[in-house]
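Visitor: Got a sequence here, can you build the structure:
(one chain, ligands or ions: 1)
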Amino acid sequence: MPERPYVIDEMISAKAIAARIETLSREIAAAFADTDKLVVVGLLRGSFIFIADLVRELDMAIEVDFIEASSYGDGMQSSREVRILKDLRGAIEGRDVLVVEDIVDTGHTLNHVMRLLRSRKPARLKSIALLDKPSRREVDFSADWTGFEIPDAFVVGYGIDYAQRNRNLPHIGKVRFVDPA
Ligand code: IMP
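Guide: Numbering: from 1, shown residues only. Now for the predicted structure:
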């Protein structure tokens with residue numbers, strides 16, 4: 001299918017993201033102050049920039065791991081059925097774990113991943129999402145920390161894609177289609 005033409009309107013600036021991450025990292029460091037070595041798990045691919053910025057603000061011992069779940073493919077619709085495409089490298093039993101996600105939309109993806117990881121008996125399991133679209137939720141789930149609540153819009157940038165494009169935008173932008181009348 002040919003791509004519909006669109007423009008991207010800035011929604012959250014790179015500066016605002018950086019400031020929010022600074023605050024969040026302080027809260028996370030306080031919450032895990034008694035942890036020997038925190039396992040920070042990035043949900044691929046959308047969280048790769050967020051996790052990179054977040055861990056560099058965390059002044060504590062950490063380990064980084066990644067997990068990949070199926071998501072939108074190349075479209076704009078959530079698949080609802082979540083599959084694990086790439087699992088963690090390390091065991092998390094008895095460990096303190098923070099899962100890092102780019103955006104919670106219907107909630108299916110992070111809910112599924114958290115249930116899976118919880119079944120592996122970590123000591124503590126928490127989650128953080130940079131963005132949250134509460135109005136789109138289909139399951140009863142919310143991350144322990146959220147960067148920004150946003151309205152029901154399709155967003156890109158800062159790691160988040162539309163059809164595998166725009167992940168390298170430094171800010172979060174909203175996709176606006178500009179179909180000819
Ligand atoms: P959920 O399972 O519906 O909560 O969707 C979560 C996943 O869908 C995210 O990790 C993103 O990969 C993708 N997603 C949700 N909303 C957007 C969006 O606005 N732009 C790009 N990807 C999105």
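Visitor: From here on, just use CA atoms for contacts and neighbour counts.
Guide: Will do.
Visitor: So which bits of this structure are right by the ligand?
Guide: Applying C-alpha under 6 Å from any ligand atom, one finds that the chain approaches the ligand through 46, 71-72, 78, 102-109, 153-156, 160-162.
Visitor: Excluding chain neighbours, what is closest to Thr109?
Guide: Val82 (6.0 Å; C-alpha to C-alpha, 6 or more residues apart in numbering).
Visitor: circling back: could you tell me which of the residues of the chain next to the ligand are located in helices?
Guide: His108, Thr109 (DSSP state H).
Visitor: Of the residues of the chain next to the ligand, keep whichever come out buried.
Guide: 46, 71, 78, 102-109, 154-156, 160-162 (16 or more other C-alpha atoms under 10 Å).
Visitor: before we move on, back to that, filter the residues of the chain next to the ligand down to the ones in strands?
Guide: Counted as lying in strands by DSSP state E, out of these, are Asp102, Ile103, Val104, Val155, Val156.
Visitor: ok, which pair from those is furthest apart?
Guide: Greatest spacing in those, by C-alpha to C-alpha: Val104 and Val156 (13.4 Å).
Visitor: got any ranges where this structure has weak pLDDT?
Guide: Counting by pLDDT under 70, the ranges of the chain that qualify are 1-2, 71-79, 181.
Visitor: go with 80
Guide: By pLDDT under 80, the low-scoring segments of the chain are 1-3, 71-80, 180-181.
Visitor: where along it do the strands fall?
Guide: Listed in chain order, the strands of the chain (DSSP E) span residues 6-12, 38-44, 62-69, 84-86, 96-104, 124-132, 145-149, 155-156, 172-177.
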